[in-house]
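Engineer: below: sequence and its predicted model.
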Amino acid sequence: MNGHADGPDLSAYLDGALAPEPRARVELHMASCADCRAELDSLRHLKLALSAAPRRNMPADLALALERRFVTGAQPWYAALSRKRVWVPAGALAVAAMTVSLWLRSAATIEEIPLEPLLAAHARYSAEALVPEDNLVASNYSDQLSDLSDASESDLQ
Amino acid sequence: MRLSPTSSKLAAAVAAALLALPAAAAPAAEDLLQSALAEPAIPYQGKVMVTQWYGKQTRAEEMRVHFAPPDNVRREFLTPDGTVARVSVSDGENEAVSRGGKVVVGDAVRSYEKVMTPQREREVLLSNYDLLVSTADKVAGRPVWLLTLKPKIEGKAWQSMALDQETKVVLRVKRYLPRRSFASQASFISFEPNKPQDEGLFHLGTATSAAVSAPSLTPDFMTLEQLAKETGRASRLPQALPGGFVFESADAFKAGASRVAHARYTDGLTVLSVFETERPVRLPKSGLMATDAGFPGALSASRAGKVLKLKAGDRHYTLMGDLSRELLADVARALK
């Protein structure tokens, strides 16, 4: 694989939708490409955010109009507009843009927890283990604690 | 009478063998383990080098160590030019870490009563690991016994401990995953046993306005029921996990604005942390590891071993420990 993995390939890879051969190619490439691994992680975050995004019911008047259009065959006055084929892709594009915008906004509002306090808690507890490796744990823990106190005292409270 | 050159060599070898002290018999593995678990009975000082390999990253640090029984310890962490970067001091009841004028204080290691008794933890250890004793090269110029803890199943770290033959102080600890790039080692590069230590070494100025307390320095040791009461949420955490891990204790603390439940599992040697949160944890991009499509979460390398985060229902889990990715994935699937 030259350059980086394609976005659609990464997305399909994340969904488990790639055939074995392209999947192996993507995995081989990612094993040596930090950028693509980071991109995959971003996509994974986005997918998580999207799955957590609120779902809304369709407005009743829109549902009624769609029902008239596709079930009863009755057409309102603005149905004439739909004959202009140009509106179909334009409308789809607008809906897609709005959806992506909402998704991105939703993803941005999910505040992630920093890993450092968890690493410090794990290191501190490791010191309580039955079989000691005190010097190693002390090195890690005191370093992580120093990083925390440098970053923000509120993390320590 | 003159001896032939061959006879001279033979005579010299026999004389050397007769003069040599008889080699000490190797102690029993369980006795060595007992010595490794006990606090040393003698004062000592020395220099220790800590090295860690995790994924494609490596970390090394040198420290000066002073120890006085029963459990006073001072560690001075050094920069490459030998100046002190930070200091950690414990008198067995309190522990303080100082760096750049800031002091963080808390309760000392092993000043708590854990949920699991030492006897039970030892049983868990012996059910999960085989003990092997052998001799090894000298460590810090001193003869040692090598005690190796070999896991009974694949995917867990091995640990070897080199104990000073004379004092039984652990001079080197090495933990490694066979054929993987995850390992850590803490080894004395100089060791002076029976060196009296000044009492003043074990006091760090904690009564200053700069002193703050850290929740991780004062951890709780709760049962799962107590954790549920503390967090106000029914716990979905199990009593046992794949790989021989059993629940030991739990803690709850805040990271920024988020509440974190921390369940600790042990197989007697390796500690596996399971963090439960309502929000996802941010993994550093530098440590991210490639995984198969069916892998149950995002995987990252860290000094604590591997970190795996996943979502199950409305909760986020972050796993940490010195395990193979395959075993960590099994644990993750058990939480889903």
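Structural biologist: On my side now, so go ahead.
Engineer: pLDDT weak spots in the chain?
Structural biologist: Just so you know, I chose chain A. A:1-3, A:34, A:45-91, A:99-110, A:146-157 (pLDDT under 70).
Engineer: was after chain B, sorry
Structural biologist: B:1-24, B:205-217.
Engineer: what segments of it are helices?
Structural biologist: Applying DSSP state H to chain B gives helices spanning B:5-19, B:29-37, B:118-128, B:224-231, B:325-335.
Engineer: which of those helices is buried the deepest?
Structural biologist: helix B:325-335 (a mean of 19; mean count of other CB atoms under 10 Å in any protein chain shown). Backbone N, C-alpha and C define where each C-beta goes, glycine included.
Engineer: which strands and helices lie in contact with that one?
Structural biologist: Helices and strands touching helix B:325-335, by 3 or more CB pairs under 8 Å, 6 or more residues apart in numbering or on different chains; DSSP states H and E, are strand B:240-241, strand B:271-277, strand B:305-312, strand B:315-321.
Engineer: can I get these in JSON lines including mean neighbour count?
Structural biologist: Formatted as JSON lines, the helices and strands packed on helix B:325-335 follow (neighbours: other CB atoms under 10 Å in any protein chain shown):
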{"stretch": "strand B:240-241", "mean neighbour count": "16"}
{"stretch": "strand B:271-277", "mean neighbour count": "24"}
{"stretch": "strand B:305-312", "mean neighbour count": "23"}
{"stretch": "strand B:315-321", "mean neighbour count": "24"}
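Engineer: re the thing from before, who wins for proximity to residue B:86 among the helices of chain B?
Structural biologist: helix B:29-37 (27.0 Å; CB to CB).
Engineer: starting at the chain centroid, how far to the closest one?
Structural biologist: How far helix B:29-37 lies from its chain's middle: 16 Å, per CA atoms, centre = their mean, to the nearest Å.
Engineer: just the CA trace of that helix, in CSV.
Structural biologist: In CSV, the C-alpha atoms belonging to helix B:29-37 read as follows (Å, rounded to 0.1, in the frame of the first residue of the first chain):
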residue,chain,number,x,y,z
ALA,B,29,11.3,-21.9,46.2
GLU,B,30,8.6,-21.2,48.8
ASP,B,31,11.2,-20.0,51.3
LEU,B,32,12.7,-17.7,48.8
LEU,B,33,9.2,-16.4,48.0
GLN,B,34,8.6,-15.7,51.6
SER,B,35,11.9,-13.8,51.8
ALA,B,36,10.9,-11.8,48.7
LEU,B,37,7.6,-10.8,50.3
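Engineer: which secondary structure elements does that helix sit against?
Structural biologist: Applying 3+ CB pairs under 8 Å, 6+ apart, we find helix B:29-37 packed against strand B:129-135, strand B:144-151, strand B:158-164.
Engineer: follow-up on the earlier one: would JSON lines of the helices of chain B with distance to residue B:308 be doable?
Structural biologist: Shown next, in JSON lines, are the helices of chain B (distance: least, CB to CB, whole Å):
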{"stretch": "helix B:5-19", "distance to residue B:308": "56"}
{"stretch": "helix B:29-37", "distance to residue B:308": "30"}
{"stretch": "helix B:118-128", "distance to residue B:308": "21"}
{"stretch": "helix B:224-231", "distance to residue B:308": "21"}
{"stretch": "helix B:325-335", "distance to residue B:308": "5"}
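Engineer: which one of these lies closest to residue B:203?
Structural biologist: helix B:29-37 (27.3 Å).
Engineer: other residues contacting that closest one?
Structural biologist: When contacts are defined by CB atoms under 8 Å, 6 or more residues apart in numbering or on different chains, helix B:29-37 is touched by residues A:130, A:131, A:132, B:131, B:132, B:133, B:145, B:147, B:161, B:163, B:168, B:170.
Engineer: do the same with stretch B:164-176
Structural biologist: A:132-133, A:135-136, B:24, B:32, B:35-36, B:38, B:40, B:42, B:44, B:139-140, B:142-145, B:157-163, B:182-188, B:191, B:193-194, B:322.
Engineer: mind running it again at 6 Å?
Structural biologist: A:133, B:35-36, B:40, B:42, B:139-140, B:142-145, B:157-163, B:183-188, B:193 (CB atoms under 6 Å, 6 or more residues apart in numbering or on different chains).
Engineer: I am finished for the moment; much appreciated.
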